[in-house]
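Enquirer: pasting the structure only:
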């Protein structure tokens, strides 16, 4: 890439990602190149694959839930090509690390809307909660406990009472109670791991 093209790309990413300055974007571009080098040759040059993405989020942010990691990948992969491009990488991290509440609500809703129909259904809630809960009451069918949780969530968050959550339902619930942002599973890094990630990457220490 020529120097002029590189400068244009950095400036474009500063505008689209919003939350990073010039040196931070350049550091994320270097990390991106490192991740592409680890990826399968199929995507060489264009981006990095799902495996590298999952490994990176696991090591950087401690994310381990397979369903959540796949959904986060799909949310980053806006072009639905099965790889993460540089623009998707920088814009996605901008929301993950420094997004406004509005940006994070839209991101979490997309993660939780498993089939992309614009709603979080009871079935989708069940699927996500089933994977994120570790301990089940011994005297109860595990699925029954999760169904109870789903009903509690719907009762609390379904403001228009149609049995599913629209973005409007989700947004109102989260604005009333911020803890509901990750109601159906962890899909954002915690503050501590975000700070450590930024310190490593923006000081250009290899991951």
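Expert: Arrived safely. Since we're looking at a predicted model, the values are computed, not measured. Numbering: from 1, shown residues only.
Enquirer: so where's the protein uncertain?
Expert: 1-4, 40-45, 132-142, 204-207 (pLDDT under 70).
Enquirer: would you map out the domains in it?
Expert: With domains defined by automatic domain parsing, the chain comprises 3-99+190-202, 101-182.
Enquirer: can you list those in a markdown table and add mean neighbour count?
Expert: For every residue, glycine as well, the C-beta is placed using N, CA and C. Output for the domains of the chain, formatted as a markdown table (neighbours: other Cβ atoms under 10 Å):
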| stretch | mean neighbour count |
| --- | --- |
| domain 3-99+190-202 | 16 |
| domain 101-182 | 16 |
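Enquirer: got the contact list for the residue nearest the centre of the chain?
Expert: The C-alpha lying nearest the average C-alpha coordinate of the chain belongs to residue 72 (Cα atoms, centre = their mean; 3.9 Å). Counting by Cβ atoms under 8 Å, 6 or more residues apart in numbering, residue 72 touches 57, 63, 111, 187.
Enquirer: pretty sure it is in a helix, no?
Expert: Yes - membership of residue 72 in a helix is supported by DSSP: H, G, I helix; E, B strand; the rest coil.
Enquirer: how far away is it from residue 98?
Expert: With distances taken as Cβ to Cβ, to the nearest Å, residue 72 is found 16 Å from residue 98.
Enquirer: residue 75 now?
Expert: 16 Å.
Enquirer: and if you look at residue 59?
Expert: For residue 59 relative to residue 98 (Cβ to Cβ), the value is 20 Å.
Enquirer: if I read this right, residue 165 contacts residue 120, doesn't it?
Expert: Yes - counting by Cβ atoms under 8 Å, residue 120 is a contact partner of residue 165 at 4.2 Å.
Enquirer: need the residues touching each of those two.
Expert: Going by Cβ under 8 Å, 6+ apart, no residue sits against residue 165 while also sitting against residue 120.
Enquirer: need the max-distance pair from the contacts of residue 72.
Expert: 57 and 111 (12.3 Å; Cβ to Cβ).
Enquirer: which residues in this structure form strands?
Expert: Assigned by DSSP state E, the chain shows strands spanning 48-49, 83-84.
Enquirer: what comes into contact with the last one?
Expert: By Cβ under 8 Å, 6+ apart, the residues outside strand 83-84 that reach it are 39, 43, 46-50, 53, 73, 76-77, 92.
Enquirer: now the strands of the chain as TSV including distance to residue 161?
Expert: Shown next, in TSV, are those (distance: least, Cβ to Cβ, whole Å):
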stretch	distance to residue 161
strand 48-49	42
strand 83-84	38
